[in-house]
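[1] just a sequence and a predicted model for now, questions to come.
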Amino acid sequence: MLSHVERYEVVTPRRLQGRQKRSLQDNQLYPDTIQYQLAIEGRNHTMNLEKNRNLIGKGYTETHYLEDGKRVTTSPNEEHCYYQGHIEGMKDSSVSVGICSGISGYVRAQKQVYLIEPLGQSEDGGHAVYRPEDLKTINSSSNTPPLYDQDQAQDPRLSSLFRSRSWETKPIAGPQKFVELFVVVDNTEYKLYGSKTKSRVLGAINHVDKLYRALNIRVMLVGLEIWTYRDYMDVDTKSETALDHFLLWRQADLLKRIKHDNAQFLTGKDFDGDTVGLANKFAMCTGNSGGVNQDHHDNPIGLASTIAHEMGHNFGLSHDAEGCMCGPSYSSGNCVMAEKLRTGNQAFPEFFSGCSVEQLAEFMARAQPSCLSRPSSITNIAAGPSCGNNLLDPGEECDCGPVEECQNPCCDASTCRLTEGSQCAQGECCNNCQLKPAGGVCRKSASDCDLPEYCTGESEQCPEDSFEMNGKPCYDQAQGYCSNGQCPTHQQHCWRLDQSWIRCVFQSDKRGIEGANCGRDKFSYIPCTAPNLKCGSMFCEGGGESISGKRADFRLFGLVCKLAVDDDKTRNIDMVPKGTKCGPNKVCLDNRCVDMSVYGKKEDCSKKCNNNGVCNHKNECHCNPGWAPPYCDLQYADLPQVQIGIIAGVCAALSILLTITAVTTGLMKVHSAPDKLNPMFQDGSVEDRPQISAPTFMASTATQAYASLVVTVTPSRAAPQPPKKLSPVSPTAQTEPAKLLPPSLPPLSKPQLNAAKPAPPPVPPVKPSPLPAARVKPSPPPLPPAKPQTFRLT
């Protein structure tokens with residue numbers, strides 16, 4: 001019997017034989033693809049499942065602690081049992097399950113969500129299938145209805161910009177993005193689930209990945225740490241304090257040990273009020289990229305919903321405003337970023353709304369997070385190549401998925417070979433199974449500093465993306481110079497910080513203090529000399545908030561100038577970008593205005609490229625349609641086949657080398673600045689200047705999505721009882737003493753805005769909409785920089 005479910009249907013799944021596909025390596029326990037047949041509400045369904053090869057990243061580690069505090073870290077060769085898929089023949093269906101000891105997870109069929117879990121320990125035994133509304137209500141100490149971290153204010157500009165009638169979760173444009181996720185589990189959670197803790201986490205992250213997959217984003221686990229005997233930070237029941245402590249611990253400890261893009265903290269404690277989660281907004285790929293999540297539901301899919309929501313805030317997503325819809329039923333309550341956590345189906349959101357899709361696209365364009373590129377080890381994540389997994393593995397000519405799903409006439413799904421007469425199966429230069437002729441555009445020029453790419457007639461893939469030569473004038477030949485495909489200008493950077501901002505003056509940079517300088521040395525901030533004034537701190541004017549969620553306002557020559565304030569000093573969003581024009585034939589480099597000769601001597605490309613091409617950003621020939629590199633002196637049609645293969649191989653090798661170099665360079669350039677209080681924002685530290693006022697923090701007069709937000713959700717059940725016996729994690733190889741932080745850490749600097757911080761009012765269970773009013777309490781006078789705004793999940 002299931003004590004947490006009011007009613008359920010008992011079914012017995014049947015594994016279909018002869019449909020399984022295993023990896024080319026034959027030592028794996030669970031097949032790459034598998035099918036089950038089961039009856040749901042009297043109708044037989046076939047689940048087509050594929051192992052989630054992106055769930056576990058290469059280099060994945062597991063960490064636990066011994067009773068004496070020693071840390072034990074292992075790198076298991078992970079053979080997992082978590083799958084994603086769909087119901088055969090049913091559009092908009094979705095499945096994310098684990099098959100480790102029976103089948104457990106999430107099924108969406110015919111616009112209805114079902115949860116499945118085994119009644120025993122095997123897949124051929126009885127299973128319970130039920131609707132979410134059949135779950136028993138979770139008890140709560142609060143009478144407030146459950147909420148998803150409610151925004152106390154919503155920027156009217158954002159709510160109107162992102163409101164959309166569309167329900168479709170469309171993938172973001174461009175290459176697929178990958179979030180390398182690290183999960184930390186506190187001691188309370190471990191005491192609740194013991195040896196089942198790991199499987200609970202993996203099941204939850206498998207579903208998080210399924211939700212983000214529709215956005216062209218994959219979430220892959222690179223590390224799991226379980227605090228088996230005690231906590232290594234103060235896990236406060238105030239979610240805001242818990243988030244502060246976790247981010248401090250992450251920066252002081254975790255980031256130094258394990259490379260990752262985002263960290264999520266899971267606790268078995270009950271946060272005060274109705275809160276079940278909290279996260280910083282616009283924080284992805286920064287030192288504050290993370291969130292805290294209360295495991296508030298018996299089913300791990302409930303935990304997955306919380307993690308997906310909080311990670312959404314890290315991606316810059318606000319709560320869905322009125323009119324934001326998702327799913328074929330045009331609902332607003334079952335969206336991932338809905339502000340209210342409801343019961344029934346809506347406790348397990350199914351889609352991102354069209355509003356969230358637009359906000360994500362804007363975040364990617366403005367923030368340009370650099371950590372989400374394809375990991376170099378992605379092809380080695382699972383147990384080797386497997387025909388039928390929709391991934392082009394080594395040795396395959398094509399891969400269109402399982403035989404029963406493949407609809408590509410160019411590919412034989414049973415062998416992953418091209419069908420007879422086919423030259424290609426996919427790619428920008430493949431049309432009706434035939435290679436497009438040389439010279440056709442396969443990637444249009446995206447900007448003044450981008451070059452178009454053309455099909456070669458010999459490959460189905462479009463050539464590597466190339467850019468105009470660095471230093472070429474762009475934007476009306478006057479506003480800027482091309483720099484690695486971008487045309488950085490002061491105005492463009494202000495737009496990235498906020499679409500309503502425009503460039504302000506630079507005179508404050510002469511002061512050489514934090515927030516107004518041309519960089520820093522080992523001892524202090526460097527004042528900007530007159531030639532370098534346009535290469536220091538970036539000042540803008542306008543009415544909105546910065547992408548970091550915080551800003552400093554101050555008067556300068558009668559203008560109110562704004563400075564983006566960011567706790568993560570590695571992003572340098574408050575500085576003029578490298579390559580920005582700072583004078584005739586001059587660009588900014590390391591906060592200095594230098595001659596464009598830093599890009600190297602300009603070659604006579606018309607001669608080097610035989611008048612059949614131009615030089616690109618690597619000073620290599622980018623040939624006109626039909627002409628072949630490296631010197632554009634031969635046409636593809638005149639090349640022998642062997643030479644074409646050599647050219648293609650060289651181009652591929654150069655592409656890989658360029659990617660490795662770019663990643664390495666990017667990592668080398670990341671550095672941190674000391675985490676000091678900002679003297680620019682302290683009354684006593686500002687020198688008296690007749691033209692410049694002391695900076696003050698300003699709060700927008702309009703309700704806005706960037707203000708500090710507080711939201712709460714009521715737990716809907718009592719916490720599970722601890723097991724009689726804990727199953728300790730087996731210690732292995734690598735041990736080291738743990739760094740135990742003080743039992744209570746000081747909270748991060750609080751938001752020091754002139755406006756009062758809203759407190760969550762009691763809210764009746766209604767459709768998500770911005771609150772008309774909120775109770776507030778007076779805030780303290782302006783202090784050092786505000787911390788990033790946070791969102792509570794309740």
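    Perfect, thanks for sending it.
[2] how long is stretch 282-296 end to end?
    Stretch 282-296 has an end-to-end distance of 25 Å (Cα to Cα, to the nearest Å).
[3] what mean pLDDT does it have?
    Per-residue pLDDT over stretch 282-296 has a mean of 91.
[4] any idea what residue 11 is bridged to?
    As for beta bridges, residue 11 partners with residue 127 under DSSP bridges.
[5] that should have said residue 290, apologies.
    Going by DSSP bridges, residue 290 forms beta bridges with residue 263.
[6] now it: how far from residue 60?
    Distance of residue 290 to residue 60, computed by Cβ to Cβ, to the nearest Å: 18 Å. To be clear about C-beta, it is placed using only N, CA and C from the backbone, and glycine gets the same treatment.
[7] how about residue 425?
    Noted for residue 425: a distance of 32 Å to residue 60, by Cβ to Cβ.
[8] just residue 274 next, same as before
    34 Å.
[9] likewise residue 407?
    When Cβ to Cβ is the yardstick, residue 407 and residue 60 sit 34 Å from each other.
[10] can I get the helix or strand hosting residue 587 in PDB, CA atoms only?
    Residue 587 is part of strand 586-589 when elements are defined by DSSP states H and E. Output in PDB follows, covering the C-alpha atoms of strand 586-589 (Å, rounded to 0.1, in the frame of the first residue of the first chain):
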ATOM      1  CA  LYS A 586      42.200  52.800 -31.600                       C
ATOM      2  CA  VAL A 587      40.600  50.100 -29.600                       C
ATOM      3  CA  CYS A 588      40.300  49.100 -25.900                       C
ATOM      4  CA  LEU A 589      42.600  46.400 -24.700                       C
END
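[11] same question for it, mean pLDDT?
    94.
[12] and if you look at stretch 609-620?
    With pLDDT averaged residue by residue, stretch 609-620 scores 89.
[13] show me which residues of it are buried.
    Buried residues in stretch 609-620, counted by 16 or more other Cβ atoms under 10 Å: 609-610, 612-617, 620.
[14] of residue 274 and residue 60, give the one with the bigger neighbour count.
    residue 274 (28 against 22; other Cβ atoms under 10 Å).
[15] gap between the more buried one and residue 395?
    The gap separating residue 274 from residue 395 is 53 Å, by Cβ to Cβ.
[16] I'd say residue 468 and residue 446 touch.
    No - with contact defined as Cβ atoms under 8 Å, residue 468 does not reach residue 446; the gap is 11.2 Å.
[17] between the two, which has more neighbouring residues?
    residue 468 (25 against 12).
[18] OK, contacts around that one?
    For residue 468, the contact set (Cβ atoms under 8 Å, 6 or more residues apart in numbering) comprises 448-451, 474, 482, 485, 614, 616-617.
[19] I figured residue 297 hits residue 307, correct?
    No - using Cβ under 8 Å as the test, residue 297 is too far from residue 307 to be in contact (11.8 Å).
[20] where do the helices of the stretch 51-200 of the chain begin and end?
    Secondary structure of the stretch 51-200 of the chain (DSSP state H, counting those that start in this stretch): helices located at 156-162, 187-193, 197-213.
[21] and those helices, which is most packed in?
    helix 197-213 (a mean of 23; mean count of other Cβ atoms under 10 Å).
[22] what average pLDDT does that helix get?
    Across helix 197-213, the average pLDDT comes to 96.
[23] mind giving me the packing neighbours of that helix?
    strand 82-87, strand 94-98, strand 104-109, strand 177-185, helix 187-193, strand 217-226, helix 300-314 (3 or more Cβ pairs under 8 Å, 6 or more residues apart in numbering; DSSP states H and E).
[24] winner for burial among those?
    helix 300-314 (a mean of 27).
[25] ok, and the closest non-adjacent residue to residue 104?
    Using Cβ to Cβ, 6 or more residues apart in numbering and skipping the chain neighbours, the partner closest in space to residue 104 is residue 117 (4.4 Å).
[26] how much space separates residue 565 from residue 545?
    Taken as Cβ to Cβ, the span from residue 565 to residue 545 is 10 Å.
[27] what sits in contact with each of those two?
    Common neighbours of residue 565 and residue 545 (Cβ under 8 Å, 6+ apart) are residue 551.
[28] tell me which of these two has more neighbours.
    When neighbours are counted by other Cβ under 10 Å, residue 565 and residue 545 differ, and residue 545 comes out ahead with 27 against 24.
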